[in-house]
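Chemist: sequence below, structure please.
(chains A, B, C and D)
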Number of protein chains: 2
Amino acid sequence: MRILIAEDEKKIAEFIRRGLKEEGYAADAVHNGPDALRLAEENPYDLLLLDVMLPGLDGVEVCRRLRGGGFSAPIMMLTARDRVEDKVKGLDSGANDYLTKPFAFEELLARVRALLRPRPAGEAAVLKAGRLELDLPAHKARLDGKPLELSAKEFSLLEYLVRNKGRAVTRTMIAEHVWDINFDSGTNVIDVYINYLRRKLEKGGAGGMIATVRGKGYRLSE
Amino acid sequence: MRILIAEDEKKIAEFIRRGLKEEGYAADAVHNGPDALRLAEENPYDLLLLDVMLPGLDGVEVCRRLRGGGFSAPIMMLTARDRVEDKVKGLDSGANDYLTKPFAFEELLARVRALLRPRPAGEAAVLKAGRLELDLPAHKARLDGKPLELSAKEFSLLEYLVRNKGRAVTRTMIAEHVWDINFDSGTNVIDVYINYLRRKLEKGGAGGMIATVRGKGYRLSE
DNA sequence: CCGGCACCATGCGAATACTGATAGCCGAGG
DNA sequence: CCTCGGCTATCAGTATTCGCATGGTGCCGG
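Modeler: Alright, predicted model coming up:
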């Protein structure tokens, strides 16, 4: 398993690299954004550890560009604590997981294992619902095999619906899982995004997949 | 299931109320201690969510008085984080559980479910009564396998009837569990909704499932 | 057997709540 | 400076909820 570490503090990078090596992973380290981008594009890494603060090009940006270029390996962002907005931006830009610094190496290891684990039965890398497919590592959606262009939020929302296909999910649940908002009753973002999704699905000839459950929320048909 | 929320911050109270409503609970909200005490004493709530900080009379005190007065429904205290002593006082005063704010709504929900479930894990996800099926997670009703279009209230009412199939349920019971009203206000909503249900069942060829028990209420045949 | 009464069914309609849809604001990225 | 994603604000259409009024039905005492 090959892992790329992008972290500007060399001591930390080296610390992680050694630890991963001891666990049997092949790990490289780079210390700035452009290098991270170049190496990740040119080599078949299985996982990318990406610090948010990187000279030259920050982690979120590296992530965005890689995903834009079709990079499909899982990405884990590293971010300073009390920077929740980073977390949100990171996930929005296509990261699969995030970890706040400082962290226990054990925890990093556990998450790395989780991301690299050849999906233990029941947890597929590709979610399906009828004619719809969501490739999670690559953050790509397909309808009848044809790619569906979705923004990061649209993807997250659809992912949540697909994970709960056949079940009615409430707006509150959606808000918590997709938006990270806890206390806000005055927004209609969810309705708006449902509308976006319906429109795109409709254009792909799959209208009617998302049903409204009046007074509750929405339900994706299987 | 009827829940009383006592929380002085109106936005939070409303958020909780809405979320619980989406889950099919009938919830009322009050914003101060005395109101909480009065409503809880006068109405048959199944659960009480009680913030510690309440104007007029704090949550711990409300809890103590209710318990002193024989109030038997479970009480869950809400408290600001880093106020551990509140937790202790809360539990001492007769609360069944506590939750620190801020919290994820889902956690609240999980605990609410736990407190309201007298019989652990004994609940089926799909309720049945003769040719009728209620798929709770999907929030869908079927008759002979064919979908039955029901509004939220209709669904709740039917759910209550199915849970009590074979038994006669009084209007008062229905009012208390399905609506959040006391059956004193001279309303006939229940009759009206029974009528709606009968009509829809009739159209699906299952007339006569809901029998009138004169002078008492209604009964759903098995 | 019959009248009266309490109880119940049902149609109608007003008020309300919920949803869908669109337009526009804002900030970040290029 | 333009574009795009994310979001807010708003409005109209419609389903839902519920009160009211009318008429029906079963039950009881006489």
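Chemist: not counting its neighbours along the chain, what's nearest the residue of chain A found nearest DNA strand D?
Modeler: In chain A, the residue found nearest to DNA strand D is A:Ser151; the distance is 2.7 Å by C-beta to the nearest atom of the strand. (Glycine included, C-beta is placed from N, CA and C.) Excluding the flanking residues, the one nearest A:Ser151 by C-beta to C-beta, 6 or more residues apart in numbering or on different chains is A:Tyr196, at 7.9 Å.
Chemist: do I have it right that the one you found meets A:Phe155?
Modeler: No. The criterion here is C-beta atoms under 8 Å, and A:Tyr196 misses it with A:Phe155 at 11.0 Å.
Chemist: so for those two, which sits in the more crowded spot?
Modeler: Set A:Tyr196 next to A:Phe155 and count neighbours by other C-beta atoms under 10 Å in any protein chain shown: A:Phe155 wins out with 21 against 15.
Chemist: what sits up against the helix or strand harbouring that one?
Modeler: Per DSSP states H and E: A:Phe155 is located in helix A:152-163. Helix A:152-163 is contacted from outside by A:91-94, A:127-129, A:132, A:134, A:136, A:139, A:141, A:150, A:169, A:174, A:177-178, A:190, A:193-194, A:196-197, A:200, A:210, A:218, A:220, using C-beta atoms under 8 Å, 6 or more residues apart in numbering or on different chains.
Chemist: is DNA strand C contacted by the helix or strand following it?
Modeler: Using DSSP H and E, the helix or strand that directly follows helix A:152-163 along the chain is strand A:168-170. No. Strand A:168-170 is not in contact with DNA strand C by C-beta under 7 Å from any atom of the strand; minimum separation 9.3 Å.
Chemist: does strand A:168-170 reach chain B?
Modeler: Yes. Strand A:168-170 lies within reach of chain B by C-beta under 8 Å from any C-beta of the partner chain, at A:168, A:170.
Chemist: return the list of helices and strands in contact with the very next helix or strand once past that strand.
Modeler: Where DSSP H and E defines the elements, the next helix or strand beyond strand A:168-170 is helix A:171-174. Helix A:171-174 is packed against strand A:217-220, helix B:10-22, helix B:105-116, with contacts defined by 3 or more C-beta pairs under 8 Å, 6 or more residues apart in numbering or on different chains; DSSP states H and E.
Chemist: mind running it again at 7 Å?
Modeler: Applying 3 or more C-beta pairs under 7 Å, 6 or more residues apart in numbering or on different chains; DSSP states H and E, we find helix A:171-174 packed against helix B:10-22.
Chemist: the helix it packs on and chain A, any residue contact?
Modeler: Yes. Contact of helix B:10-22 with chain A (C-beta under 7 Å from any C-beta of the partner chain) involves B:11-12, B:14-15, B:18-19, B:22.
Chemist: in PyMOL, select just the buried ones from those residues.
Modeler: To isolate the buried members of the residues of helix B:10-22 next to chain A in PyMOL, using 16 or more other C-beta atoms under 10 Å in any protein chain shown:
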select buried, chain B and resi 12+14+15+18+19+22
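Chemist: which parts of chain A sit against DNA strand C?
Modeler: Going by C-beta under 7 Å from any atom of the strand, the residues of chain A near DNA strand C are A:60-61, A:64-65, A:171, A:188, A:191-192, A:194-195, A:198, A:212-217.
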